[in-house]
Structures are given as C-alpha cells and as structure tokens.
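Novice: sequence and predicted model, in that order:
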Amino acid sequence: MTAPRVKTPPADSVADADPPAAPETDGRRRRSQDSRARIVSAMLELVHAGDATPGAEQVAARANVGLRTVFRHFSDMDSLYAEMAQVIESELRRVVDSPFVATTWRERMVEMVGRRSAAFDRIAPFRRAADVHRHHSRFLQQAHERMNAVGRELLKRELPAEQARDATLVETLDLLLSFEAWNRLRRDQDLTPRRARDVLEQAIRRAVGED
C-alpha cells in the first residue's frame, strides 16, 4: 500500500505570510507521515491475511516501527479501525454509484446480488474483523449501522412504491442482500462464490415473483 498523498496548500500571497518551515521540521513531518502510512498498511495487510484481531505489537512489527510509534500516531485502536472502515465503505460506495443494467425492478433485485457478492468477496476479511471488534467499539458500531442504512436505502430506492410499502418484502430482500446472508453461505455452509450467488439469486427471484 502506498503512502497517502499529501496535498500542499497554495502559497500565501500576503506579504507577511509565515516563513517556510525549516528543512529539519519538514523532514520530521515527512518521517511522521511515512510512519503513519506504514502502520495503516500493516494493519490492513494483517487483517487481509485473516487476522481479525491484530494487536498493536503485531502492527508495529509488520510496519517495522516501535510500539511507541504506533501509539503516538493512534491514541487508541479505533483510529486504525477507522482506516479499515474506509476500505469497506469505499467498496460499498462503488455498488451504490454503479448504474444498473437491468430495466425492470425485479431484475434489478437479482442484479444487486451479483454486485454485492463481488463487493462482499473483496471486503470480507475487513468486515469480519470489524464485526469482531464493533461490540466494544462505538466507531465501528456506528459505521456498521451507517453501511446497513445505505444498503437498505439503495434497495428501497429501486423498488416501486407499492412494493416499498410491503414491509415483509422489504425485510426479506434486505436480509437476502446482506453481508450476513452471504457470509453464512460462504463460511458456515462452505459454498463457493458462484454457488452462494446462485442460491441468493434464486431466493430473490422467489421473493419478488415473476414479471
């Protein structure tokens, strides 16, 4: 993971602008930014490798920095979890922003399965790690609720008014299109991505009926 690009503010044209920072100060700032980027990258790499609960010691070792450096950049682990949540949200945002190919609302429900399944495959390690920690992390709990709300709003947005008023239908579709349903099929029932997608598509078709 490359270090985040730092935006340089425009030069101040006012005559009494502050003098530029000394080279030593700039060097310290660059080293600090580099350390932070390495810590974030290490956290994400550990989670992606399947470690849902990497500790600060593991992050420090992976980033090749001291433990004190980790805590200097992140006062608590929620700061690192915030970076993880951004990965999840950016993937789900692609789902929200992508236009549908299907022309009927029933087929759009089926299309959602494929789109969400692909996103769930990519974010699975991060989402599972977030689920482990969110019960004692207010930040992750709020992120979880926010992402669920976004998914539900996208679903309701694509339903005709009559179907959107059908509470049972909405709840059924919301469940079938959730990460939890996909994760159950993939992990607990040990289905392949293709098979899990087929199961959910068939369930959606039965829920929405025929055109």
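Specialist: Arrived safely.
Novice: with adjacent residues omitted, what lies nearest to Ala63?
Specialist: Leaving out its chain neighbours, the residue that sits closest to Ala63 by Cβ to Cβ, 6 or more residues apart in numbering is Ala42, at 3.8 Å. For the C-beta atoms, the positions are set from N, CA and C on the backbone; glycine is no exception.
Novice: my error: substitute Asn148 in the last question.
Specialist: Ser178 (7.7 Å).
Novice: gap between Arg115 and Glu91?
Specialist: 11 Å (Cβ to Cβ, to the nearest Å).
Novice: check Arg29 too.
Specialist: 31 Å.
Novice: ok, those two, which is more surrounded?
Specialist: Higher neighbour count among Arg29 and Glu91: Glu91, with 17 against 12, using other Cβ atoms under 10 Å.
Novice: any idea which element that one lies in?
Specialist: helix 77-97 (DSSP states H and E).
Novice: what's the first helix or strand after that helix?
Specialist: According to DSSP H and E, the helix or strand after helix 77-97 is helix 105-133.
Novice: what helices or strands is that next one leaning on?
Specialist: Packed against helix 105-133, as judged by 3 or more Cβ pairs under 8 Å, 6 or more residues apart in numbering; DSSP states H and E, are the following elements: helix 23-48, helix 77-97, helix 138-157, helix 179-183, helix 193-208.
Novice: mind listing residues that contact the shortest one?
Specialist: Around helix 179-183, the neighbours that count as contacts under Cβ atoms under 8 Å, 6 or more residues apart in numbering are Arg116, Ser117, Phe120, Ala124, Arg127, Arg128, Leu175, Ala196, Leu200.
Novice: switch the cut-off to 7 Å
Specialist: For helix 179-183, contacts defined as Cβ atoms under 7 Å, 6 or more residues apart in numbering pick out Ser117, Phe120, Arg127, Leu175, Ala196, Leu200.
Novice: good, wrapping up.
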